[in-house]
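Trainee: All I have is the shape, not the residue letters:
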């Protein structure tokens, strides 16, 4: 196994590691999905893919601006992801406008050959005093 697990049962759910480059306003996430995340037989559920994209972009937003919440997440699913596939999520902050943060993410097979999904997200920086 390459990753720590997020739920009990080694390899049963999400296993991931994230690497932040604050200077480039970019985050990379290596992820592998397990059998608890099955949608169609043998494939990763789209909601699980949305979850890891949101977690990746949310971590990037948090690092860039402090407390932030997802306001919009738009995902284009391009190719199914077989369970057990090692994925590379490449997230980045595209621009900042006041409290708004616009981010993007590409989900590829770790070998870089297959683009499984692409996403854009709008995150809103929160005022911690409210």
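Mentor: That came through fine. These numbers were taken from a predicted model, which means no experiment stands behind them.

Trainee: Quick check: buried residues in whichever strand or helix holds residue 123?
Mentor: Element membership of residue 123, judged by DSSP states H and E, is strand 115-125. By 16 or more other CB atoms under 10 Å, the buried positions in strand 115-125 come out as 116-125. In this view, the C-beta of every residue, glycine as well, is placed from N, C-alpha and C.

Trainee: Show me what stretch 39-50 is in contact with.
Mentor: 14, 33, 37-38, 73, 75, 77, 80-83, 85, 107, 116-117 (CB atoms under 8 Å, 6 or more residues apart in numbering).

Trainee: Tell me which stretches of the protein form helices.
Mentor: In the chain, helices defined by DSSP state H lie at 46-65, listed in chain order.

Trainee: Quick check: closest non-adjacent residue to residue 109.
Mentor: The spatially closest residue to residue 109, leaving aside those adjacent along the chain, is residue 85, at 6.1 Å (CB to CB, 6 or more residues apart in numbering).

Trainee: list the contacts for residue 56?
Mentor: Taking CB under 8 Å, 6+ apart as the criterion, residue 56 is in contact with 18, 27, 29, 89, 91, 105.

Trainee: Pull the contacting residues for residue 72.
Mentor: Each residue near residue 72 by CB under 8 Å, 6+ apart is listed here: 120-122.

Trainee: ok and the helix or strand of the chain with the lowest mean pLDDT relative to helix 46-65, angle-wise?
Mentor: Using mean pLDDT, DSSP states H and E, the weakest-scoring helix or strand in the chain turns out to be strand 14-21, at a mean of 88. Between strand 14-21 and helix 46-65, the angle comes out at 30 degrees (axes from the mean of the first three to the mean of the last three CA atoms, to 10 degrees).

Trainee: Report the buried residues of strand 14-21.
Mentor: Within strand 14-21, the residues scored as buried using 16+ other CB under 10 Å are 14-16, 18, 20.

Trainee: same check, this time on stretch 52-70
Mentor: For stretch 52-70, the buried set under the neighbour-count rule, 16+ other CB under 10 Å, comprises 52-58, 60-65, 68.
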